[in-house]
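Asker: Prediction below, plus the sequence it came from.
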Amino acid sequence: MESKQCPDCDAGLDRRDFLKTVSAAAAAAVSIPQWATPKVQAAPSRSSAAETAVKALYETLTDDQKKVVCFDWDFKDEKRGLLRTFVSNNWMITEPAIRSDFYTKKQQIIIHDIFKGVINPDWHARFLKQLKDDTRGQEWGAEQTIAIFGKPGEKDQFEFVMTGRHMTVRADGNSENRYAFGGPIFYGHAASGFNEKIGHPNNVFWHQARMANFVFQMMDGKQREKALVDGKRPKEYEVGFQGAKGKFPGIAVSDLSADQKKELERVLAVLVEPYRKEDQERVTDCLKKQGGLEKCSLAFYKDGDLGDDGEWDNWRLEGPSFVWYFRGEPHVHVWVNVASVATIPLNARG
């Protein structure tokens, strides 16, 4: 199999240096907005950077604005059900774009601070590139929308949700304490058009698939037979939890060797790397409560292999209440659903 260079790395960066780079980035601390001094902990809290900004934003909204973008905690939409838990690959949770006359300049800045608060600072520029590429060159906020559920800053539960093409992010101060990330999230990128080229040039997320493919390359013949699924891959939004008795596709992580498991741990670090440290640690905590990576399986799909080159564009890491589904064909879509319990129903649509 031909080795492909990661678009986020320098041309001369070898695999060992690449692993050091992504491992360091995964451990990076989150940037802090000027007006917030949060405590970094194992899960986001009301005093976290993003959540502090959500409270500040809420306090600036007029009654007329709140009627449009603020909802009760358990508000249900006719088409999407419980709105705060919905996730999709391309959707607007409310009508007003962030960068519109609906919001004041100050409010737009605070919303950007919320966004920066949930993102690893090393990834901020890459997310801005992704958003610009995926909205025909529009600047951040031109085609993204927000909603707030509950009342931020009070004892009651609250959640901020930002959506757009190839993005759903949340900040809830661990109000929904069963979830990581506050609920299911989505990220993606179409860096070279809707039908991306082989190797996904300039895609900011493709190195995650490269890392997963490193694990496949380390497998022997029998392991590869288990890991490689021959047949149609699942629908991309099928990321609901199966629980401990679920039948997970691919090879059980428990069947991997010690060095293969170590490599898979690096993959997990790269997957959570784009997000704030509190969310990274929350993912680890949720995974541990369901038995860790040992209870997961890793699957690669022949279906949708761009160029039939054996570098698998579509793959899935799944456990009882953990699903990270990377769909790389025709372009990158990644669906993430992680919780500490497996009894939460999924509310998603492709």
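Answerer: Structure received.

Asker: what pLDDT, on average, does stretch 101-110 get?
Answerer: For stretch 101-110, mean pLDDT rounds to 98.

Asker: Next, the buried residues of it.
Answerer: Buried residues in stretch 101-110, counting neighbours by 16 or more other Cβ atoms under 10 Å, are found at 102-103, 107-108, 110. For the C-beta atoms, the positions are set from N, CA and C on the backbone; glycine is no exception.

Asker: Distance check, Glu281 against Pro44.
Answerer: Using Cβ to Cβ, to the nearest Å, Glu281 is found at 10 Å from Pro44.

Asker: Which one's more surrounded, these two?
Answerer: Pro44 (30 against 17; other Cβ atoms under 10 Å).

Asker: That one against Lys277, yeah?
Answerer: No: contact criterion Cβ atoms under 8 Å: Pro44 and Lys277 do not qualify, at 9.9 Å.

Asker: Show the pLDDT at the closest residue to Thr104 other than its chain neighbours.
Answerer: Counting by Cβ to Cβ, 6 or more residues apart in numbering, the nearest residue to Thr104 once its immediate chain neighbours are dropped is Thr60, at 7.3 Å. Per-residue pLDDT puts Thr60 at 98.

Asker: who's in contact with Thr60?
Answerer: Under the criterion of Cβ atoms under 8 Å, 6 or more residues apart in numbering, the neighbours of Thr60 are 104, 106-107, 110.

Asker: now do 7 Å
Answerer: 106-107, 110 (Cβ atoms under 7 Å, 6 or more residues apart in numbering).

Asker: Check Pro33 and give its pLDDT.
Answerer: pLDDT for Pro33: 37.

Asker: Based on its surroundings, how many neighbours for Ile344?
Answerer: By other Cβ under 10 Å, 18 other residues sit near Ile344.

Asker: Please name the nearest non-neighbouring residue to it.
Answerer: Closest residue to Ile344 apart from its sequence neighbours, by Cβ to Cβ, 6+ apart: Arg178 at 6.1 Å.

Asker: Cys296 too?
Answerer: Residue nearest to Cys296 in three dimensions, not counting chain neighbours: Gly319, with 3.7 Å by Cβ to Cβ, 6+ apart.

Asker: The one you found and Lys295 touch, don't they?
Answerer: Yes: at 4.9 Å, Gly319 and Lys295 qualify as touching, with contact defined as Cβ atoms under 7 Å.

Asker: Of those two, which one has the most company?
Answerer: Each of Gly319 and Lys295 has its neighbours counted (other Cβ under 10 Å); Gly319 has more, 26 against 19.

Asker: residues contacting the more buried one?
Answerer: Counting by Cβ under 7 Å, 6+ apart, Gly319 touches 287, 290, 295-296.

Asker: ok, now with 8 Å
Answerer: 248, 287, 290-291, 293, 295-297.

Asker: quick one on the thing from earlier: next one: the residue nearest to Thr104 relative to Ile98, how far apart?
Answerer: Thr60 sits 14 Å away from Ile98, going by Cβ to Cβ.
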